[in-house]
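[1] Output the structure for:
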Amino acid sequence: MQAFIPRPFSSGEFPELDSLLTLIRRAGSMLRSEVVCEVRARGRQLPVHCLELGSTDPNAPAVGFFGGIHGVERIGTQVLLSYMQSLVERLFWDESLLRQLENLRLVFMPLINPGGMLARTRSNPAGVDLMRNAPVDADHGVAFLLGGQRLSRHLPWYRGSADGGLQPEAAAVARVVEQRLQSHSFSLSIDCHSGFGVKDRIWFPYARTREPIACLPEVYALRTMFRATHPYHSIYRFEPQAHQYTTHGDLWDYLYDRSRASNDHLFIPLTLEMGSWLWVKKSPAQLFSQLGMFNPLAPHRHQRILRTHLTFFDFLIRAAISNQRWRPRGAQRDVMMESALSYWYGPQGSLRPATPKT
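    Got it, this is the predicted structure:
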């Protein structure tokens, strides 16, 4: 077998898209690839890819990996491409991975907003922030602008018009999640972002309300298992996103609530929020770069980030495959719910899961 050592993100106008297309060619027929929508930006027609490995049996668990929703947060796409490269290379020799994929579905959308990434903007080419675009309003007041606004596309965090529906990129994510993840009896997703705080966070819904989600015991079980399994990899703070701020239009709130319309499956959406403030703290000169607030620019730091989160991605895959062994049930689930409420929400005995909004 001829060695394949790509040189990602080093040159070219759009290195992330180039690397993605290289991976697709490298994997060949072992990787299912589909362009789920196209967007036009800077005179180019850009594809939004959905890539898949493994089984389509609805009884098999599924894990989705998403990135590049915000065009300036290139590191999210790059981390996923790094992980995909590892998986693709393993397809050629790793018998254990091939056996896993017989009973597991992996879905990847690593570059959701290619138009924004090419233009180096947070929003898509229409000026819409795709994480404020869903038809969901926060239960309480949100921070001005940050929580989502409909004043102007020329201001940040623009939600789009009230009657405009989902943007093409957000609609493509929704279709993929509903058709390729929520069609399975158990599914997880992880959406990769950067730009908040000095510590990496694993966020889970809700962003629209400070009330807990219905699958809080399962999230708490995942958090406890990861801490116990990887005690020296304690780089993450697990928490509801609303602990930091609430927003209108959160896409994962919307998709999670829609998944609750059926009791036939469990869907747990997570967000990896990489703490880019630490990169800026270590290299203040990054503030003078257009992408410096959201991406590690020093080569050694960039390489470290590309490998740091692979442990957690592998953990999610193993947890999905083994979900019947750890998911709390019956009285155990009640105990887990009380532990989770105490851990994340304090002594609020009357607090119970929020009513879904669809």
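[2] Spit out the contact partners of the residue lying closest to residue 343 once chain neighbours are set aside.
    Excluding its sequence neighbours, the residue lying closest to residue 343 (C-beta to C-beta, 6 or more residues apart in numbering) is residue 220, at 6.8 Å. To be clear about C-beta, it is placed using only N, CA and C from the backbone, and glycine gets the same treatment. Taking C-beta atoms under 8 Å, 6 or more residues apart in numbering, we find residue 220 in contact with 336, 337, 339, 340, 343, 344.
[3] Residue 220 and residue 257, how far apart?
    From residue 220 across to residue 257, the span is 20 Å (C-beta to C-beta, to the nearest Å).
[4] Check whether residue 31 really touches residue 24, as I assumed.
    Yes: the pair residue 31 and residue 24 qualifies as a contact (C-beta atoms under 8 Å) at a distance of 6.4 Å.
[5] who's more crowded, the two?
    Per other C-beta atoms under 10 Å, whichever of residue 31 and residue 24 has more neighbours is residue 31, with 19 against 15.
[6] Contacts for stretch 250-257 next, please.
    69, 130-136, 170, 173-174, 177-178, 182, 189, 191, 205-208, 213, 241, 267, 269, 271, 356-358.
[7] Among these, name the ones in helices.
    Mapping these onto helices (DSSP state H) picks out 170, 173, 174.
[8] Among those, which one has the most neighbours?
    residue 173 (30 neighbours).
[9] So that residue sits against residue 107, correct?
    No: the criterion here is C-beta under 8 Å, and residue 173 misses it with residue 107 at 10.6 Å.
[10] Just the closest of the ones in helices among the contacts of stretch 250-257 to residue 230, please.
    residue 173 (28.7 Å; C-beta to C-beta).
[11] Look up how far residue 66 lies from the closest one.
    7 Å.
[12] shared neighbours, the two?
    109, 112.
[13] The protein: helices as residue ranges?
    Using DSSP H, helices in the chain cover 15-27, 74-90, 95-101, 114-119, 168-176, 216-229, 251-259, 276-282, 299-308, 310-321, 323-326, 330-345.
[14] Can you give the distance of the last one from its chain's centre?
    So the one you mean is helix 330-345. Centroid separation between helix 330-345 and its chain, computed with C-alpha atoms, centre = their mean, to the nearest Å, is 25 Å.
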